[in-house]
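>>> using only what follows, build the 3D model:
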Amino acid sequence: LGVIACYSALRREYVRSVLLMYARPNSVLRADLSFIGALFVGALLAAYGPQPGVLWAVGGLVASAWVGSLAAHRSLAKNPGWLGGDATPFWREIRPLGTWAVVGSVIYWSFGQSYNYMLVSRFDLSAVANVNAARLLLMPAFVIALGIKSLLIPSAATWLAESGLKALTKRLLIFGSGIVVLDLIYVGFVWIFRDWLTADFLHK
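The predicted structure follows:
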């Protein structure tokens, strides 16, 4: 079920990225709303449905990813439409890049998520909850960067084709500087109010 959940999430991200490349934010929003609705139902079932809740949780991830990807797939099927044919040459060209992408993903996951498993092995689930609650304080900075990145990748490809590498680099530096300034402002705010946020707000 976990493997199916991962596959479903990757499939949803793929068709979502294609919509972003076609500069179709309204279609992305509709697909995301479908995904969120299904995910919310799965979360309710995991919290209040029959036990074990983990089956409802992972099942909810699978269902929401499929609903979201179906909505995006439908939009792409209408415009510009899916082309048929032999995709073998494309897969052959992509495979070497895909190998590096898998290696990079494993390294990224190891740095980003493996600490949860180390905490469980050394302490217990409450330690994971405590650390991730504190980690929530930095999530807005991450979400800003992630949201801008999703829109920036297809835009950057267009700018590269229209204006060349020099103009693209200049624009990306401006965007990067803006993100850094926003992050510094937010982190400064969190640092000033850290005692209230951790002790009173999060109780951690």
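
>>> quick check: buried residues in the helix or strand Glu162 falls within?
Element membership for Glu162 (DSSP states H and E) is helix 139-163. By neighbour count on 16 or more other CB atoms under 10 Å, the buried set for helix 139-163 is 141, 145, 148, 152, 154-156, 159. From N, CA and C alone the C-beta is placed, and that goes for glycine too.

>>> and if you look at stretch 72-89?
Applying 16+ other CB under 10 Å to stretch 72-89 flags 72-73, 75-76 as buried.

>>> farthest-separated two in those?
The span of those, defined through CB to CB, is set by His73 and Ser75 at 7.3 Å.

>>> how much space between the most centrally placed residue in the chain and Ile153?
When CA atoms, centre = their mean is applied to the chain, the residue found nearest the centroid is Leu146 (7.2 Å). Plainly put, Leu146 is 11 Å away from Ile153 if you go by CB to CB, to the nearest Å.

>>> so which residues of the chain form helices?
Listed in chain order, the helices of the chain (DSSP state H) span 2-21, 25-48, 53-78, 88-112, 114-122, 125-135, 139-163, 165-192, 194-195.

>>> hey, which of the ones you listed is tucked in deepest?
Sort these by mean neighbour count, taking mean count of other CB atoms under 10 Å, and helix 53-78 sits at the top with a mean of 19.

>>> got the angle between that one and helix 2-21?
Orientation check (axes from the mean of the first three to the mean of the last three CA atoms, to 10 degrees): helix 53-78 against helix 2-21 gives 30 degrees.

>>> OK, contacts around Ala46?
Each residue near Ala46 by CB atoms under 8 Å, 6 or more residues apart in numbering is listed here: 53-54, 56-57, 60.

>>> how near is the closest residue to Leu20 other than its chain neighbours to Ser17?
Distance criterion CB to CB, 6 or more residues apart in numbering; nearest residue to Leu20, sequence neighbours excluded, is Pro154 at 4.9 Å. Between Pro154 and Ser17 the distance, using CB to CB, works out to 8 Å.

>>> against Arg74, how distant is Gly81?
According to CB to CB, Gly81 and Arg74 sit 11 Å apart.

>>> kindly report the same for Ala47.
30 Å.

>>> same question, Ala31
Ala31 is 9 Å from Arg74, by CB to CB.

>>> same question for Leu160.
From Leu160 across to Arg74, the span is 30 Å (CB to CB).

>>> do Ala87 as well
On the measure of CB to CB, Ala87 and Arg74 end up 21 Å apart.

>>> Phe40 now?
Using CB to CB, Phe40 is found at 21 Å from Arg74.

>>> show me what contacts the nearest residue to Gly68 once chain neighbours are set aside?
Leaving aside its sequence neighbours, Gly68 sits nearest to Phe35 (CB to CB, 6+ apart; 3.0 Å). Applying CB under 8 Å, 6+ apart to Phe35 gives the contacts 12, 64-65, 67-68, 71.

>>> tell me the one among the residues you listed nearest to Ser126.
Ranking those by separation from Ser126, with CB to CB as the measure, puts Ser64 on top at 27.4 Å.

>>> quick check: the closest one touching Leu39?
Yes: taking CB atoms under 8 Å as the definition, Ser64 is a contact partner of Leu39 at 3.8 Å.
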